[in-house]
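Trainee: Any chance you could fold what I've pasted below:
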Amino acid sequence: MTSYKELGLVNTREMFAKAVKGGYAIPAFNFNTLEQMQAIVQAAVETKSPVIMQVSKGARNYANGTILRYMAQGAVEYAKELGCANPQIVLHLDHGDSFELCKDCIDNGFSSVMIDGSSLPYEENIALTKKVVEYAHQHDVTVEAELGVLAGVEDEVASEVSHYTKPEEVEDFSKRTGCDSLAISFGTSHGAYKFTPEQCTRDPKTGKLVPPPLAFDILHEIEKRIPGFPIVLHGSSSVPQDEVDTINAHGGKLPDAVGIPEEQLREASRSAVCKINIDSDSRLAFTAAVRKVFHDKPGEFDPRKYCGPARDLMEQMYKHKITDVLGSDGKLAQC
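Mentor: Reported below is the predicted structural model:
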């Protein structure tokens, strides 16, 4: 077994407590590639922000669990090399779907895991989550659980409809499972197509889709029922239209892609929402940069010449999210 502490990682307990009290959210960026990891670390160090690097089951299979473990250790050392003596980096499993997967991640250096039993009946979700919590806490690993179901598609996670979290269940669920944080559903969705055109209105000036607002009344009711408890927001990419336009202008086809307005995410981060997940935005930035290089330089075949610009664009996006949306910049006690 490899403990995350041997890799220089931290769990989420302390950083979430500070975020809830300070009115900001910790960025949770999904990564699949070396370039994404480099961009995440560079952005976190430059903005002096704690950061969660998270991987889905599919990303772990893609990258290989052993390689991921050493990439995470490398991320910590890279942050130090960039000048941050005490980085706060979490390696988190996103949407773990079984006890066995969560256990394997815990045994191989993850400092935080999510067990997603939201598709199960309520009591089965509690039983599964409690089982993961009991094992994780033996190793000082923090656990995120989920109540409610987000619509959309991202890796193995898919649902045609959204089921909002029932505020009356959160107190019972959090107490009986012992989870450290809770992902809830109140209007966000996975993927780049978070809403259908029928669910949106159109801006008469730009013709762009305007998504429906988040159900903040549900969030505020949950805050009242479990005050100070760390809340997690999934499906929170904003789907930047500049990147979508670049992709579409250079051979891509992403009609009517729309995300969550950043001002709504900022409002959420001022509440008990202390972790906000962002995945699709980095995929879009990566793809936009690569497509532009291939369009402008069709003879290019050196991966460094198109992955490099992709890394740079993702770093810009990560820094923007940290500073202008989540408010976690400057929150590292020592860097």
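
Trainee: Need the contact partners of stretch 250-268.
Mentor: 25, 187-188, 192-195, 197, 200, 208-209, 211, 213-214, 216, 219, 233, 235-240, 244, 247-248, 276, 280-281, 284, 287-288, 291-292, 294-295, 324-327 (CB atoms under 8 Å, 6 or more residues apart in numbering). (Glycine included, C-beta is placed from N, CA and C.)

Trainee: rerun that using 7 Å as the cut-off
Mentor: 188, 192-195, 197, 200, 209, 211, 213-214, 219, 233, 236-239, 244, 247-248, 276, 291-292, 295, 325 (CB atoms under 7 Å, 6 or more residues apart in numbering).

Trainee: roughly how far apart are the closest residue to residue 135 other than its chain neighbours and residue 165?
Mentor: Nearest non-adjacent residue to residue 135, counting by CB to CB, 6 or more residues apart in numbering: residue 103, 5.9 Å away. According to CB to CB, to the nearest Å, residue 103 and residue 165 sit 26 Å apart.

Trainee: Repeat that for residue 51.
Mentor: Where residue 165 is concerned, residue 51 sits at a distance of 26 Å (CB to CB).

Trainee: one step back: please identify which helix or strand holds the residue nearest to residue 135.
Mentor: Using DSSP states H and E, residue 103 falls within helix 99-107.

Trainee: and that helix, what does it pack onto?
Mentor: Judged by 3 or more CB pairs under 7 Å, 6 or more residues apart in numbering; DSSP states H and E, the packing partners of helix 99-107 are strand 89-96, strand 112-115, helix 122-138.

Trainee: Can you tell me which of those is packed in deepest?
Mentor: Highest mean neighbour count of these: strand 112-115, a mean of 28 (counted as mean count of other CB atoms under 10 Å).

Trainee: Residues touching that strand, excluding its own?
Mentor: 11-12, 90, 92-96, 102, 105-106, 128-129, 132, 136, 141-145.

Trainee: since we're on the nearest residue to residue 324 once chain neighbours are set aside, how many residues are nearby?
Mentor: Spatial nearest neighbour of residue 324, chain neighbours left out: residue 262 (7.2 Å); criterion: CB to CB, 6+ apart. Residue 262 has 16 neighbours, counted by other CB atoms under 10 Å.

Trainee: all helices for this structure, in order.
Mentor: Counting by DSSP state H, the chain has helices at residues 13-22, 34-47, 57-63, 65-81, 99-107, 122-138, 167-177, 216-225, 241-249, 262-269, 280-296, 303-320.

Trainee: Quick one: mean pLDDT for the first one?
Mentor: Yep, that's helix 13-22 we're talking about. For helix 13-22, mean pLDDT is 96.

Trainee: residue contacts, residue 136?
Mentor: By CB under 7 Å, 6+ apart, the contact set of residue 136 is 106, 113, 143.

Trainee: Can I get these in a markdown table including pLDDT and distance to residue 123?
Mentor: Listed next are the contacts of residue 136 as a markdown table, based on pLDDT from 0 to 100; distance: CB to CB, whole Å:
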| residue | pLDDT | distance to residue 123 |
| --- | --- | --- |
| 106 | 98 | 24 |
| 113 | 98 | 21 |
| 143 | 98 | 18 |
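
Trainee: just to revisit the earlier point, have a look at residue 103 and residue 165 and say which one is more surrounded.
Mentor: residue 165 (24 against 17).

Trainee: Look at the closest residue to the more buried one other than its chain neighbours and report its pLDDT.
Mentor: Spatial nearest neighbour of residue 165, chain neighbours left out: residue 148 (3.3 Å); criterion: CB to CB, 6+ apart. We have a pLDDT of 80 for residue 148.

Trainee: residues near residue 148, how many?
Mentor: 20.

Trainee: Ok, residue 197 next?
Mentor: 12.

Trainee: Distance of it relative to residue 208?
Mentor: To residue 208, residue 197 is 11 Å away according to CB to CB.

Trainee: just checking, residue 286 touches residue 310?
Mentor: Yes. Counting by CB atoms under 7 Å, residue 286 does reach residue 310; the two are 4.4 Å apart.
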